[in-house]
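Q: structure, please.
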Amino acid sequence: MPNILVVEDSPTMRQLISFAMKRIPNSHVIEATDGVDALKKMSADTVDLILCDINMPVMDGLKLVSLVRGNPVYKDIPIIIITTEGAEEDKKRALAIGANAYLPKPIQTQELIKLVTTYLTALKK
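A: Have a look, this model is predicted:
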């Protein structure tokens with residue numbers, strides 16, 4: 001059963017993404033409100049994939065990506081950025097520090113589910 005960590009400071013957006021992830025068979029959703037909360041949840045639970053916003057209080061998504069990539073235990077976890085930052089330079093920066101994919105908001109639920117499923121399938125191999 002894949003554990004999907006949703007890191008999003010907006011309760012409405014977090015709920016929307018979590019609800020979409022629950023449509024993936026046998027998935028378990030773990031929610032975090034910012035990067036610090038995400039790291040706490042990751043230390044308590046196995047995480048198979050991270051969906052992360054960029055703009056969050058306390059610790060933003062880019063800092064979280066760089067910390068995850070710098071940690072040997074977590075470095076191979078796929079990370080998908082979901083953000084309002086639609087500029088090409090933001091996308092390049094996120095991918096350069098280790099994000100696997102970058103989705104601008106507003107998200108298309110079907111596209112997100114398809115992308116997450118692709119990464120989870122690749123993990124099984």
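
Q: buried ones in the helix or strand harbouring residue 29, by neighbour count?
A: Per DSSP states H and E, residue 29 falls inside strand 28-32. By neighbour count with 16 or more other CB atoms under 10 Å, strand 28-32 contains the buried residues 28-32. Heads up, the C-betas are built off the backbone N, CA and C, glycines and all.

Q: could I get these as JSON lines with pLDDT and distance to residue 86?
A: As requested, the buried residues of strand 28-32 are arranged in JSON lines below (pLDDT from 0 to 100; distance: CB to CB, whole Å):
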{"residue": "28", "pLDDT": "97", "distance to residue 86": "30"}
{"residue": "29", "pLDDT": "98", "distance to residue 86": "25"}
{"residue": "30", "pLDDT": "98", "distance to residue 86": "27"}
{"residue": "31", "pLDDT": "98", "distance to residue 86": "24"}
{"residue": "32", "pLDDT": "98", "distance to residue 86": "23"}
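
Q: tell me the centre residue of the chain?
A: residue 51 (1.4 Å; CA atoms, centre = their mean).

Q: three-state assignment of it?
A: Look at residue 51: counting by DSSP: H, G, I helix; E, B strand; the rest coil, its state is strand.

Q: just checking, it touches residue 16?
A: No - with contact defined as CB atoms under 8 Å, residue 51 does not count as touching residue 16 (11.0 Å).

Q: picking that back up, for the strand holding residue 29, which helices and strands make contact with it?
A: strand 3-7, helix 11-21, helix 35-44 (3 or more CB pairs under 8 Å, 6 or more residues apart in numbering; DSSP states H and E).
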